[in-house]
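Visitor: Sequence below, structure please.
(one chain, ligands or ions: 2)
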Amino acid sequence: MRNGKKNFIIDFDSTFTQVEALDVLAEISLEGHPERKDRIKKIKDITDVGMNGELNLRESLDQRLALLDAHKKDLESLVERLKKQVSKSFKRNKEFFNEHADRIFIISNGFKDFIVPIVSEYHVKPENVFANSFEFDESGKIVGYDRDNALSLNNGKVEQLRKLNLQGDVYVIGDGYTDYEIKVAGLANKFYAFTENVERENILEKADHVTPSLDEFLYINKMNTAISYPKNRINVLLLENVHPRAIEQMKHEGYNVEVYPAGLDEDELCEKIKNVSVLGIRSKTQVTARVLESANRLIAVGAFCIGTNQIDLEACLKKGVAVFNAPFSNTRSVVELAIAEIIALMRKLFDRSTFMHQGKWDKSAKGSFEIRGKSLGIIGYGNIGAQLSVLAESLGLIVYYYDVEEKLALGNARKCHSLQELLSVSDIVTLHVDGRPENKNMFGEEQFNIMRDKAIFLNLSRGHVVDIAALKANIESGKIAGAAIDVFPQEPKSNNEEFISELRTLPNTILSPHIGGSTIEAQENIANFVPNKIMDYINTGSTSNSVNFPNLQLPTLENAHRLIHIHENMPGILARINKVLADHDINIVGQYLKTNEVIGYVITDIDKEYDKEVIKALRNIEHTIKFRVLY
Ligand SMILES: NC(=O)c1ccc[n+]([C@@H]2O[C@H](COP(=O)([O-])OP(=O)(O)OC[C@H]3O[C@@H](n4cnc5c(N)ncnc54)[C@H](O)[C@@H]3O)[C@@H](O)[C@H]2O)c1
Ligand SMILES: O=C(O)CC[C@@H](O)C(=O)O
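Guide: Ligands and ions are numbered 1, 2, ... in the order given. From the prediction side, this is the model:
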């Protein structure tokens with residue numbers, strides 16, 4: 001077999017096209033037939049049994065043709081439909097077919113009548129198509145097929161290949177048992193089980209390599225020209241029960257997705273993250289510098305939430321890992337919960353309900369108030385704080401706010417110039433600050449002391465911002481008349497762990513398991529938003545909305561290759577990149593640079609034809625953190 005040349009044997013049904021052609025033919029030929037549904041199902045079942053090697057091929061063909069009741073004119077419609085259903089990765093790799101036209105053979109147990117018109121559009125030579133041919137009666141009805149052709153028999157592909165007596169290496173790409181048989185007969189160097197359209201368990205185990213797309217096949221054989229990296233090689237690990245929409249989106253993109261319902265601790269994550277390219281988490285999983293040390297392939301982290309204090313953003317930057325979150329998707333949910341809790345606390349609703357469940361009827365107005373006309377102090381006037389301000393005002397609350405940054409007052413909200421000022425005027429105080437480390441214990445005994453007597457306190461931001469012992473003491477003393485706490489310094493990793501807190505059993509204290517953003521709407525919004533940001537980053541290099549990378553919105557790549565260079569922010573790196581490009585006579589089509597304190601992010605679009613040595617040279621520039629090429 002050896003002469004250095006490579007021959008490619010490609011199956012047609014469910015490999016070259018996404019479908020089984022006879023199944024599609026049945027839909028056409030049985031249009032209006034009284035047994036249409038039943039027959040189509042039977043045909044599909046026979047196809048599957050045959051593909052698994054459990055039914056004699058000739059029998060399977062005979063049975064299906066009898067059920068089909070097809071006519072020559074149906075073949076025209078069939079070809080039109082099949083043209084639209086060529087496998088996606090085949091469509092984008094037309095160049096491969098063109099370049100290797102002499103060595104590409106379609107060997108199929110299907111029929112030339114529809115295969116040739118489809119594959120010819122991909123430069124496959126008609127004389128390189130080996131398949132059966134239909135036989136028609138005078139009226140054009142399909143009545144049989146050429147029975148002398150080995151391809152209507154079991155092991156027909158093997159026989160056909162023997163006749164071809166190909167010189168050089170032989171690679172077989174197909175989804176069925178008959179493709180595997182070629183390898184068994186010793187006529188192929190390798191059998192690649194093609195799973196872009198169907199996965200047949202009994203074939204997967206036997207294959208030399210499972211290839212979820214033609215890109216993967218071309219990549220491992222160093223022949224990829226259509227896309228730089230097969231998506232199935234991008235391993236995604238999604239933790240903490242992210243919404244199924246995220247899983248669906250990432251699988252649809254072609255990524256290899258693993259899902260885990262709870263969070264992982266540092267040791268577990270260090271182990272799991274080794275081959276992960278994209279990590280998806282919510283608020284529990286700590287992405288520490290140590291975790292990042294173990295991450296050999298990580299390119300992006302998606303926080304399926306707002307807060308990113310659980311991620312060491314600086315360590316991510318130093319490692320060239322871009323972090324994305326969903327800054328708006330769950331804000332409304334948090335605001336609605338805060339409003340509900342303010343009313344519930346002002347009416348002591350939870351305690352009253354608990355008493356009722358214990359059989360105690362305590363009808364009284366004592367300690368119960370309307371919220372109308374009361375003052376609400378919002379600490380942290382960001383996306384949540386500002387939205388709460390608008391809703392609270394519409395319910396008749398007088399809104400005060402305090403933020404460390406200059407913020408525009410919405411509606412009639414009044415800005416306070418210090419935290420003390422806000423605390424001294426508010427009947428209700430609610431925390432909506434971000435989780436930056438400086439905010440640890442920002443609210444403690446001193447702040448509770450300044451608060452009005454019998455005020456209400458809410459924290460739906462981050463657990464570590466409140467000194468829990470001080471809160472407990474102030475609730476017990478009656479200084480704080482009610483509290484709603486959704487976030488805690490220590491939260492259970494999963495629903496199976498016990499919640500331990502000093503706040504348990506305190507009066508008029510609503511404790512909720514970090515559910516501010518846990519609504520179906522919010523989780524679905526997040527699951528739409530974050531994967532798209534990550535996919536955009538992987539596909540184009542765009543970093544818009546990244547929480548740690550310099551934000552660059554890039555044009556779509558057309559007729560060029562994109563070089564993405566992430567480096568430590570040192571003087572002169574851009575000059576060095578451009579010197580390397582100039583030394584290799586590269587024509588730059590576009591260049592974009594943005595830096596922050598830690599890294600420089602340079603994108604260079606170049607003409608498609610270039611000396612590939614330049615890649616090595618760019619990778620070797622001192623202070624390079626990560627480098628990738630996109631096309
Ligand atoms: N409970 C939940 O389920 C839930 C859901 C979503 C968000 N969150 C948390 O809510 C908080 C607010 O979210 P956001 O989207 O409004 O964030 P944001 O970044 O838009 O707003 C935070 C605001 O707090 C201000 N701030 C920070 N430290 C401050 C301080 N010490 N004093 C005063 N102001 C300060 C910032 O300047 C900013 O304006 C975050 O901690 C987020 O993680 C919780
Ligand atoms: O859903 C979560 O785990 C976190 C929700 C919230 O704290 C956020 O930061 O968005």
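Visitor: Please count neighbours and contacts with C-alpha atoms only from this point.
Guide: Noted.
Visitor: what about the most centrally placed residue in the chain, which SS state?
Guide: Nearest residue to the geometric centre of the chain (C-alpha atoms, centre = their mean): Met250, 2.9 Å. Applying DSSP: H, G, I helix; E, B strand; the rest coil to Met250 yields a three-state assignment of helix.
Visitor: Would you map out the domains in this protein?
Guide: Using automatic domain parsing, the domains assigned to the chain come out as 6-220, 228-328+519-552, 331-518, 557-629.
Visitor: Could you export these as TSV, including mean pLDDT?
Guide: Shown next, in TSV, are the domains of the chain (pLDDT from 0 to 100):
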stretch	mean pLDDT
domain 6-220	95
domain 228-328+519-552	97
domain 331-518	97
domain 557-629	96
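Visitor: closest to ligand 2 out of those domains?
Guide: Nearest of the domains of the chain to ligand 2, taken as C-alpha to the nearest ligand atom: domain 228-328+519-552 at 3.4 Å.
Visitor: How about that closest one and ligand 2, any contact?
Guide: Yes - Domain 228-328+519-552 lies within reach of ligand 2 by C-alpha under 6 Å from any ligand atom, at 282-283, 305-307.
Visitor: Please give me every residue in contact with Thr178.
Guide: Going by C-alpha atoms under 8 Å, 6 or more residues apart in numbering, Thr178 touches 51, 53, 154-155, 157.
Visitor: so which of those residues is the most crowded?
Guide: The most crowded member of the contacts of Thr178, judged by other C-alpha atoms under 10 Å, is Lys157 (25 neighbours).
Visitor: Looking at the stretch 151-300 of the chain, what residue ends up closest to ligand 1?
Guide: Closest residue of the stretch 151-300 of the chain to ligand 1, C-alpha to the nearest ligand atom: Ser283 (8.2 Å).
Visitor: Confirm that residue sits in a helix?
Guide: No - assessed by three-state DSSP, Ser283 does not belong to a helix; its assignment is coil.
Visitor: Up against ligand 1, what does the stretch 351-500 of the chain have?
Guide: Going by C-alpha under 6 Å from any ligand atom, the residues of the stretch 351-500 of the chain near ligand 1 are 379-385, 402-405, 432-435, 439, 460-462, 486-487.
Visitor: redo that, cut-off 8 Å
Guide: For the stretch 351-500 of the chain, the contact set with ligand 1 under C-alpha under 8 Å from any ligand atom comprises 379-386, 402-407, 419, 431-436, 438-439, 442, 459-462, 486-487.
Visitor: Restricted to strands, list the residues you listed.
Guide: Judged by DSSP state E, strands contain the following of these: 379, 402, 431, 459.
Visitor: Identify the farthest-apart pair in these.
Guide: Greatest spacing in these, by C-alpha to C-alpha: Tyr402 and Asn459 (14.9 Å).
Visitor: When the two are compared, which one has more neighbours?
Guide: It is Tyr402, of Tyr402 and Asn459, that has more neighbours when counted by other C-alpha under 10 Å, with 25 against 21.
Visitor: how much space is there between the residue of the chain most remote from its centre and Glu406?
Guide: Within the chain, Glu138 marks the point farthest from the mean C-alpha position, 54.8 Å out by C-alpha atoms, centre = their mean. Distance, Glu138 to Glu406, using C-alpha to C-alpha, to the nearest Å: 86 Å.
Visitor: what pairs with Met605 across the strands?
Guide: Quick fix: residue 605 is Asp, not Met. Asp605 has the following beta-bridge partners by DSSP bridges: Arg562, Gly590.
Visitor: quick one: contacts for it?
Guide: Residues near Asp605 by C-alpha under 8 Å, 6+ apart: 557, 560-563, 588-591.
Visitor: What of Phe97?
Guide: Phe97 makes contacts with 104, 122-124, as judged by C-alpha under 8 Å, 6+ apart.
Visitor: 7 Å instead, please
Guide: Contact analysis of Phe97 by C-alpha atoms under 7 Å, 6 or more residues apart in numbering lists 122-124.
Visitor: Neighbour-wise, which one of the residues you listed leads?
Guide: Val124 (22 neighbours).
Visitor: That one and Ala101 touch, don't they?
Guide: Yes - taking contacts as C-alpha atoms under 7 Å, Val124 lies within contact range of Ala101: 5.6 Å.
Visitor: Tell me, how many residues neighbour Lys616?
Guide: Neighbours of Lys616 under the rule other C-alpha under 10 Å: 10.
Visitor: picking up where we left off before, relative to Ala473, which of the contacts of Thr178 is nearest.
Guide: Nearest to Ala473 among these, with distances taken as C-alpha to C-alpha, is Met51, at 71.6 Å.
Visitor: Contacts only, for that closest one.
Guide: By C-alpha under 7 Å, 6+ apart, the neighbours of Met51 are 176-177.
Visitor: Isn't Asn439 up against Asp467?
Guide: No - Asn439 lies out of contact with Asp467 (C-alpha under 7 Å); the separation is 10.8 Å.
Visitor: Show me whatever sits in contact with both of those two.
Guide: Shared contacts of Asn439 and Asp467 (C-alpha under 7 Å, 6+ apart): none.
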